[in-house]
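Asks: Can you look at this prediction? I've put the sequence above it.
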Amino acid sequence: MGGARGSALGWASFYLPYADPPLAREEWRTLRSRYVADTPLGLAALREAAPGEHFAGDVDSGPVLFGLSPAGTGFAVDGARHQHDDALAQRLRLTAELVGTTVPWSGGRHYALAPLVGDAILLAMDTARPWAVPARDP
C-alpha cells in the first residue's frame, strides 16, 4: 500500500468534518502543511504526493499535472471552507477556474478543459451543507 495521496486527502477534507470535526481539524493541519502547493500568481493546489515523492496518477486520482492533483484541489475547496480557511478556499477555487478554463455555456459556466467530473466535484463542493440531525426521543 502506498502513502497518502492528495486526491484522497482532498476527498477526506470534504467528508471528514461531517463525521469527526476534531479529527478533521487535525488532518487539515497536516494536509495544509504538507500537500498545499503555492503556485505562481498567488494560486494554490494540492500535491498528489508528499514533497520528495512522485505519483503519475491513476483511475482514482485522475491526471496529475506537474505533481498537482486537480481532483484533490477541487475537493479541498470545501475542506478549506469547513476549516474556515477562506483565503485558501478562494485560491484553490481560482486555480480550478483557471486550469479548467471556465466558459459561459447554456446559461451557466462549464469547464472547457476539464472532464465532466470536474464540474461535478465543484458542484458538490459548492452545494454541500451539513445535515440537520433530528433529536432522538429518550
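Replies: Received it, and whenever you're ready, just let me know what you need.
Asks: low-confidence ranges in this structure?
Replies: Residue ranges of the chain with pLDDT under 70: 1-2, 59, 61, 100, 110-119, 130-138.
Asks: Go again with 50.
Replies: 1 (pLDDT under 50).
Asks: At which residues are the strands of this protein located?
Replies: Using DSSP state E, the strands found in the chain span residues 36-38, 44-47, 57-58, 62-63, 68-69, 102-105, 108-111.
Asks: Make JSON lines from these and add distance to Leu16 and mean neighbour count to it.
Replies: Backbone N, C-alpha and C define where each C-beta goes, glycine included. Converted to JSON lines, those look like this (distance: least, CB to CB, whole Å; neighbours: other CB atoms under 10 Å):
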{"stretch": "strand 36-38", "distance to Leu16": "16", "mean neighbour count": "17"}
{"stretch": "strand 44-47", "distance to Leu16": "15", "mean neighbour count": "25"}
{"stretch": "strand 57-58", "distance to Leu16": "22", "mean neighbour count": "14"}
{"stretch": "strand 62-63", "distance to Leu16": "21", "mean neighbour count": "17"}
{"stretch": "strand 68-69", "distance to Leu16": "17", "mean neighbour count": "24"}
{"stretch": "strand 102-105", "distance to Leu16": "28", "mean neighbour count": "12"}
{"stretch": "strand 108-111", "distance to Leu16": "26", "mean neighbour count": "15"}
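Asks: I'd like to know which of those strands is closest to Ala120.
Replies: Relative to Ala120, the nearest member of these by CB to CB is strand 108-111, separated by 10.2 Å.
Asks: hang on, the earlier thing: output the strands of the chain as a markdown table; include the columns distance to Ile121.
Replies: Below are these laid out as a markdown table (distance: least, CB to CB, whole Å):
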| stretch | distance to Ile121 |
| --- | --- |
| strand 36-38 | 17 |
| strand 44-47 | 12 |
| strand 57-58 | 15 |
| strand 62-63 | 10 |
| strand 68-69 | 11 |
| strand 102-105 | 14 |
| strand 108-111 | 10 |
